[in-house]
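>>> okay, sequence plus prediction incoming.
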Amino acid sequence: MISFSNCKINIGLYITGKRPDGYHDLQTLFYPLPVYDVLELAEAAETGIAVLGKTIPGNSKDNIVIKAWQLLQRDFKTLPPVQFHLLKNTPAGAGLGAGSANGAYALKALNEKFNLNLTRSQLVDYALQLGSDCPFFIMNTPVFATGRGERFEASTVDLTNYQIMVVNPGIHVVTGWAFSQLTPALPQHDLKQSLQQPVAAWKDLIFNDFEPAVFEAFPEIAAIKKQLYEAGARFALMSGSGSTVYGLFDKATILRLSFPSHYFVKIIQ
């Protein structure tokens, strides 16, 4: 079985509180992007994963895809061993949620291939055990998210009239460090209300709480956002805790931006 796991961007990201369980409460809009990794699974003598394409840091035995199988196998003892093959096209640790998507798609693929008959709600519960971003990829439609990122409200935000340029400079921002730089607080502008405004107004209304600290530590990331605005972006923002920055451009805009060859750059028309 082959699945194509997409990534996401955050439109606005506010860290509003620290929870007793050690996690943070947040507000964001998750928006799916058609940029894909490829995940294949087949029954095997023992469970493992082979990764092609971009490098994933750490031991393959700790890959979130393997953890997805382990999570289900605890409750479904007859779940057989499988071999995963992952073609990694999207950079890891980039604020695009690609790893979380891999885990969520592994859950969905295992559920379908082995007829586990899990509901969407049950898959969301399993996904949350893998990571805070994972439940979104079970839904995979634009949603306003709160809590750890697992409480969803459907959103009508539609970016199909824009070109989306996604730029990642290959800088790894450690998520734990990024959180340590923040003082949780409610946003100055209500995110849901701000999202109802024209995209051109978002620049002055919608922010990412991680940007100030990340931009200070990594000026190269700040420079990407500046370049996107100088090239005519209606709105630009860092996604997640970085280091990817995206820009929304009118369809008629001819994009002439040039970035170093080692950058990951995608344009979604």
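Right, received. Where do you want to start?
>>> show me which residues of the helix or strand where Cys7 lies are buried.
Assigned by DSSP states H and E, Cys7 falls within strand 2-18. The neighbour-count check on strand 2-18 (16 or more other C-beta atoms under 10 Å) flags 3, 5-15 as buried. C-betas here are computed from N, CA, C, even on glycine.
>>> and whatever helix or strand Asp125 lives in, what does it pack onto?
Using DSSP H and E, Asp125 maps to helix 120-130. Where contact means 3 or more C-beta pairs under 8 Å, 6 or more residues apart in numbering; DSSP states H and E, helix 120-130 is packed against helix 64-75, helix 98-113, helix 134-139.
>>> and the residue nearest to Ile267 when sequence neighbours are not counted, bridged to which residues?
The shortest distance from Ile267 to any non-neighbouring residue, by C-beta to C-beta, 6 or more residues apart in numbering, is to Met165 (5.2 Å). On the basis of DSSP bridges, Met165 is bridged to Gly247, Ile267.
>>> for Ser5, same thing?
Per DSSP bridges, the residues bridged to Ser5 are Asp37.
>>> list the contacts of the closest residue in space to Phe114 that isn't next to it in sequence.
Closest residue to Phe114 apart from its sequence neighbours, by C-beta to C-beta, 6+ apart: Leu79 at 6.0 Å. Leu79 sits next to 69, 72-73, 110, 114, 116 when contact means C-beta atoms under 8 Å, 6 or more residues apart in numbering.
>>> need the three-state assignment for Leu79.
Put simply, Leu79 is coil when judged by DSSP: H, G, I helix; E, B strand; the rest coil.
>>> so who does Ala154 touch?
Per C-beta under 8 Å, 6+ apart, neighbours of Ala154: 141-144.
>>> equivalent analysis for Leu96, please.
So Leu96 contacts 7-9, 33, 35, 90, 166, 168, 239-240, 244 (C-beta under 8 Å, 6+ apart).
>>> ok so, going back, quick check: mean pLDDT across the strand holding Cys7?
Strand 2-18 carries an average pLDDT of 96.
>>> what do you get for stretch 75-88?
For stretch 75-88, the mean pLDDT works out to 97.
>>> report the buried residues of it.
Using 16+ other C-beta under 10 Å as the burial criterion, the residues of stretch 75-88 that qualify are 79, 82, 84-88.
>>> from one end of that stretch to the other, what's the distance?
Start to finish, the residues bounding stretch 75-88 are 28 Å apart (C-alpha to C-alpha, to the nearest Å).
>>> chain center to it: distance?
Its chain's C-alpha centre and that of stretch 75-88 lie 22 Å apart, by C-alpha atoms, centre = their mean, to the nearest Å.
>>> excluding its backbone neighbours, what's nearest the residue located most distally from the centre of the chain?
Distance from the centre of the chain peaks at Ala45, with 32.1 Å (C-alpha atoms, centre = their mean). Distances taken as C-beta to C-beta, 6+ apart put Pro81 closest to Ala45, at 6.3 Å, once the chain neighbours are dropped.
>>> what comes into contact with stretch 54-68?
By C-beta under 8 Å, 6+ apart, stretch 54-68 touches 39, 47-49, 51, 84, 86, 88-93, 99-100, 102-104, 106-107, 110, 126, 130-131, 134, 172.
>>> can you select the buried ones from those residues in PyMOL?
A single PyMOL command selects the buried members of the contacts of stretch 54-68 (16+ other C-beta under 10 Å):
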select buried, resi 39+47+48+49+51+84+86+88+89+90+91+92+93+99+100+102+103+104+106+107+110+126+130+131+134
